[in-house]
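Visitor: for reference, the sequence and a predicted model appear below.
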Amino acid sequence: MPAADHADLYYDSQVKTIGKDGNEITTVGFDRFGFNCEVPLNALRSLYLRPHYVNTAIAHKGANGASAQVAKVDEEHAYFASDGNAEYQSKSIYHPDSNSISYTTLSRFPPVTLLPPNQRKRVLVTGGAGFVGSHLVDRLMLLGHEVTVLDNFFTGSRTNVSHWVGHPNFELVRHDVVEPFMIECDQIYHLACPASPPHYQANPVKTIKTSFLGTLNMLGLAKRTKARFLLASTSEIYGDPEVHPQPETYWGNVNPNGIRACYDEGKRVAETLTYGFHRQDGVDVRIARIFNTFGPRMNPQDGRVVSNFIIQALRNEDMTVYGGGKQTRSFQYIHDLIDGLIALMNSDVVEPVNLGNSDEFEIGNFALVVRDIVADLQKKDPSEYRIVDRPMPKDDPQRRRPDTTRAKEMLGWQPRWTVEMGLGEMVRYYKAKMVEGSI
Ligand SMILES: O=C(O)[C@H]1O[C@H](OP(=O)(O)OP(=O)(O)OC[C@H]2O[C@@H](n3ccc(=O)[nH]c3=O)[C@H](O)[C@@H]2O)[C@H](O)[C@@H](O)[C@@H]1O
């Protein structure tokens, strides 16, 4: 596909990102608790809404063949320079005749804020090559901090952070958190754990080991280095809730030996450990209870509902609604979550805090929302898509919506993105990746 068409899949300058308050979103983040995490949205987009490679057609192999090829690649690469970000993008080249890619490293990185040493934090992000982790890493890097990513690449991917490899403020370490790890750091965002039900159920013993031993190791590190520690907990600790919406004071309704227990009980014990280290050893801790989150870089194979519906619709496959679709979920866009995580880390709030969007959907209706957005992008009639019913997975929570009063009052945080705006960006991202063949 010619580069121009390729780029158009990622960007549509006509589409404005309008937030919940009706205003256009051009930046994400805010200056709060003495920590400014605001960055232009386009700076972030240049890191995830971008082609994986530059196309080249090896048409002729005559005397001038080599230089013609180079010129063609430069011309295609220059196309992306029009948004001012191309020089920071990979110039990896796709060769259609052999269906292969020549990977190149970056010669320049996106500009990062120059922070004085007393403001620059050394931040460890476990699970930093995953979906949530990589967006957090982008934000922290653009803000000028020193970031170390720890990941075993079980569900994370190097590609999610490859644009930072080689940067002096960045380090990527392949390591499994179930083993101890030592490093000097000021803040630890502990995100490492498979998070989609099919992934965490595939190896339940490993999942609970990751939650327990991984958290134990990272809390031990926080104790030694006096780093502040943030645990990525989950709405799943509320189980199949009998209280709706769920406030942080609710203790939950969890099946301790069901198929989800490796994850929800794992995260519950991780919370217990975190407060154990806080009470016993004075470790400075934060706990974020993260509700369903979606966005670009979500592993398209991970089986969660947002990625499943979008990929199925784009491939014109059946969209699989489980168990009649009356169960509910509330979905937040990735940038809102990252705002919330950074605000919580830098606040003095030790109690657990729900981070989620309270726009609640029945899953059956959510399928219709996704279908309509995909149909609009593909310029098709919504009736061309098929929505089918499949059995309900065991112990699937029937209702879920966060009560975010605490986050609003104590962090001054509330979601800014509408679900539709976030979905629009994610659909465009998946479609472009599918066309270029990188997912
Ligand atoms: O984000 C959260 O709060 C937590 O819950 C999610 O688990 P779940 O809500 O079950 O997420 P999905 O797998 O995306 O399922 C959402 C709903 O859609 C349904 N679903 C899923 C996939 C599908 O193809 N069709 C479908 O109807 C599921 O049965 C479920 O009722 C995530 O997987 C967890 O990582 C996370 O901690």
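Guide: Here it is on my side, so go on.
Visitor: strands of the stretch 1-150 of the chain, start to end?
Guide: 27-28, 31-32, 35-36, 39-40, 54-55, 93-95, 100-102, 122-126, 146-151 (DSSP state E, counting those that start in this stretch).
Visitor: quick one: average pLDDT of the second one?
Guide: Mean pLDDT, computed over strand 31-32, is 90.
Visitor: identify all contacting residues around it.
Guide: Cys37, Glu38, Ala343, Asn346, Ser347, Leu411, Gly412 (CB atoms under 8 Å, 6 or more residues apart in numbering). C-betas here are computed from N, CA, C, even on glycine.
Visitor: next, see if the helix or strand containing Ile310 gets close to the ligand.
Guide: Using DSSP states H and E, the element containing Ile310 is helix 305-314. Yes: applying CB under 6 Å from any ligand atom, one finds helix 305-314 touching the ligand at Val305, Asn308.
Visitor: who does the very next helix or strand once past that helix touch, helix- and strand-wise?
Guide: Next in sequence after helix 305-314, counting helices and strands by DSSP H and E, comes strand 319-322. Strand 319-322 is packed against helix 305-314, helix 363-378, strand 387-390, with contacts defined by 3 or more CB pairs under 8 Å, 6 or more residues apart in numbering; DSSP states H and E.
Visitor: circling back: check the offset of the helix holding Ile310 from the chain's centre.
Guide: Distance of helix 305-314 from its chain centroid, counting by CA atoms, centre = their mean, to the nearest Å, is 16 Å.
Visitor: and if you look at stretch 201-209?
Guide: The answer for stretch 201-209 is 21 Å, by CA atoms, centre = their mean.
Visitor: interface residues of the chain facing the ligand?
Guide: So the chain meets the ligand at 195-197, 234-236, 291-293, 304-305, 308, 320-322, 327, 329, 363, 393, 396 (CB under 6 Å from any ligand atom).
Visitor: in ChimeraX, how would I select the buried members of these?
Guide: To isolate the buried members of the residues of the chain next to the ligand in ChimeraX, using 16 or more other CB atoms under 10 Å:
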select :195,196,197,234,235,236,291,292,293,304,305,308,320,321,322,327,329,363
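Visitor: right, and Leu47 touches Val112 too?
Guide: No: taking CB atoms under 8 Å as the definition, Leu47 is not a contact partner of Val112, at 11.7 Å.
Visitor: quick one: which of those two has more around it?
Guide: Leu47 (24 against 19; other CB atoms under 10 Å).
Visitor: contact partners for the more buried one?
Guide: Leu47 neighbours (CB under 8 Å, 6+ apart): Pro110, Asp138, His163.
Visitor: of these, closest to Pro245?
Guide: Asp138 (30.2 Å; CB to CB).
Visitor: quick check: chain neighbours aside, which residue is closest to that closest one?
Guide: In this structure, Asp138 finds its nearest non-sequential neighbour in Leu47, 5.2 Å apart by CB to CB, 6 or more residues apart in numbering.
Visitor: for Asn23, grab the count of nearby residues.
Guide: The number of residues packed near Asn23 is 10, by other CB under 10 Å.
Visitor: nope, Val178 is what I was after
Guide: Residues near Val178, counting by other CB under 10 Å: 16.
Visitor: grab the nearest non-local neighbour of it.
Guide: Distance criterion CB to CB, 6+ apart; nearest residue to Val178, sequence neighbours excluded, is Leu213 at 4.4 Å.
Visitor: how would you label that neighbour: helix, strand or coil?
Guide: Put simply, Leu213 is helix when judged by DSSP: H, G, I helix; E, B strand; the rest coil.
Visitor: burial of it, as a residue count?
Guide: That count, for Leu213 with other CB under 10 Å as the rule, works out to 16.
Visitor: same question, Pro198
Guide: Counted with other CB under 10 Å, residues neighbouring Pro198 total 12.
Visitor: swap in Asn253?
Guide: By other CB under 10 Å, neighbour count at Asn253 equals 12.
Visitor: that one against Glu236, yeah?
Guide: No: using CB under 8 Å, Asn253 is not in contact with Glu236, being 11.2 Å away.
Visitor: buried residues in stretch 381-390?
Guide: For stretch 381-390, by 16+ other CB under 10 Å, it's Tyr385, Ile387.
Visitor: what's the offset of it from the middle of its chain?
Guide: 27 Å.
Visitor: what mean pLDDT does it have?
Guide: pLDDT averaged over stretch 381-390 gives 98.
Visitor: dump the residue contacts of Tyr200.
Guide: With contact taken as CB under 8 Å, 6+ apart, Tyr200 is in contact with Cys193, Pro194, Thr207, Cys262, Tyr263.
Visitor: the strand or helix carrying the third one packs against which elements?
Guide: If I follow you right, that is Thr207. Assessed by DSSP H and E, Thr207 sits inside helix 204-209. Packing partners of helix 204-209 (3+ CB pairs under 8 Å, 6+ apart): helix 261-281.
Visitor: buried residues in the helix it packs on?
Guide: Residues 261-271, 273-275, 277-278 are the ones in helix 261-281 that count as buried (16+ other CB under 10 Å).
Visitor: before we move on, what about stretch 99-115?
Guide: Using 16+ other CB under 10 Å as the test for burial, stretch 99-115 gives Ile101, Leu106, Phe109, Pro110, Val112.
Visitor: just the CA coordinates of stretch 45-57, formatted as PDB?
Guide: Extracted in PDB, the C-alpha atoms of stretch 45-57 (Å, rounded to 0.1, in the frame of the first residue of the first chain):
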ATOM      1  CA  ARG A  45       0.300  10.000  19.500                       C
ATOM      2  CA  SER A  46       3.500  10.300  17.500                       C
ATOM      3  CA  LEU A  47       4.600   7.300  19.600                       C
ATOM      4  CA  TYR A  48       1.700   5.000  19.200                       C
ATOM      5  CA  LEU A  49      -0.200   6.200  16.100                       C
ATOM      6  CA  ARG A  50       2.600   5.600  13.700                       C
ATOM      7  CA  PRO A  51       3.600   3.100  11.100                       C
ATOM      8  CA  HIS A  52       5.700   0.100  12.000                       C
ATOM      9  CA  TYR A  53       7.800   0.500   8.900                       C
ATOM     10  CA  VAL A  54       8.300   2.400   5.600                       C
ATOM     11  CA  ASN A  55       7.100   0.700   2.500                       C
ATOM     12  CA  THR A  56       9.300   0.200  -0.500                       C
ATOM     13  CA  ALA A  57       8.700  -1.400  -3.800                       C
END
